[in-house]
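[1] can you look at this prediction? I've put the sequence above it.
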Amino acid sequence: MDRNADLAARLNRMGMVKSLGMRVEQDHAGLIAHLPFQDDLIGNFTIQALHGGAIGAFLELTAMAEVILKTEGGIQPKTINLTIDYLRQGRARDLHARARITKLGRRIASVRAEAWQENESEPVAALTAHFLIGTEEAADSTRTADP
């Protein structure tokens, strides 16, 4: 299985990825995540705005996908903390995101992610997060028994 297929398979095991309908691919600049618009993602029907929780979850999952891809490890990153800046209204349209690892240590990964709709230079929201990686504690939380 190639890296893209492996990443997609790992992400699809996460319930939130399925619920959101999120998908990832790689382009010339690296990993890009897509959140296709669904009516269920609307948080304010009056102004047709995406729910902030959906945007935040999408950004967190995008950041996790980048960590999984870059570390090539079998361990699911565990969120230590995250901050989300909501910069513009997320409209009733598809959402896209990229993440960049700003520091990768043996145990912690620091990641920055941005989501946009029509123009990558006009982000809707930005995330800064730290993930626990590469420890037995992280591994214990993601191991599953063989059938």
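    Good, I have the coordinates.

[2] residue 11 in helix, strand or coil?
    Following DSSP: H, G, I helix; E, B strand; the rest coil, we place residue 11 in the helix state.

[3] wait, it sits on residue 17?
    Yes: taking contacts as C-beta atoms under 8 Å, residue 11 lies within contact range of residue 17: 4.8 Å. No exception for glycine: its C-beta is placed from N, CA and C like everyone else's.

[4] identify the contacts common to the two.
    Listed as contacting both residue 11 and residue 17 by C-beta atoms under 8 Å, 6 or more residues apart in numbering are residue 61.

[5] what residue ranges in this structure score low on pLDDT?
    Residue ranges of the chain with pLDDT under 70: 1-5, 73-74, 135-147.

[6] pull the longest helix from it.
    Determined from DSSP state H, the single longest helix within the chain is helix 52-71.

[7] which residue is nearest the middle of the protein?
    The centre of the chain sits closest to residue 62, judged by C-alpha atoms, centre = their mean, with a distance of 1.7 Å.

[8] residues touching that residue, list them.
    So residue 62 contacts 22, 24, 31, 33, 97, 98, 99, 113, 115, 127 (C-beta under 8 Å, 6+ apart).

[9] roughly how far apart are the third one and residue 46?
    Here the distance between residue 31 and residue 46 works out to 34 Å (C-beta to C-beta, to the nearest Å).

[10] which of those two has more residues huddled nearby?
    It is residue 31, of residue 31 and residue 46, that has more neighbours when counted by other C-beta atoms under 10 Å, with 20 against 6.

[11] that one touches residue 24, doesn't it?
    Yes: the pair residue 31 and residue 24 qualifies as a contact (C-beta under 8 Å) at a distance of 6.0 Å.

[12] shared neighbours of those two, which are they?
    Taking C-beta under 8 Å, 6+ apart as the contact rule, the neighbours common to residue 31 and residue 24 are 62, 65.
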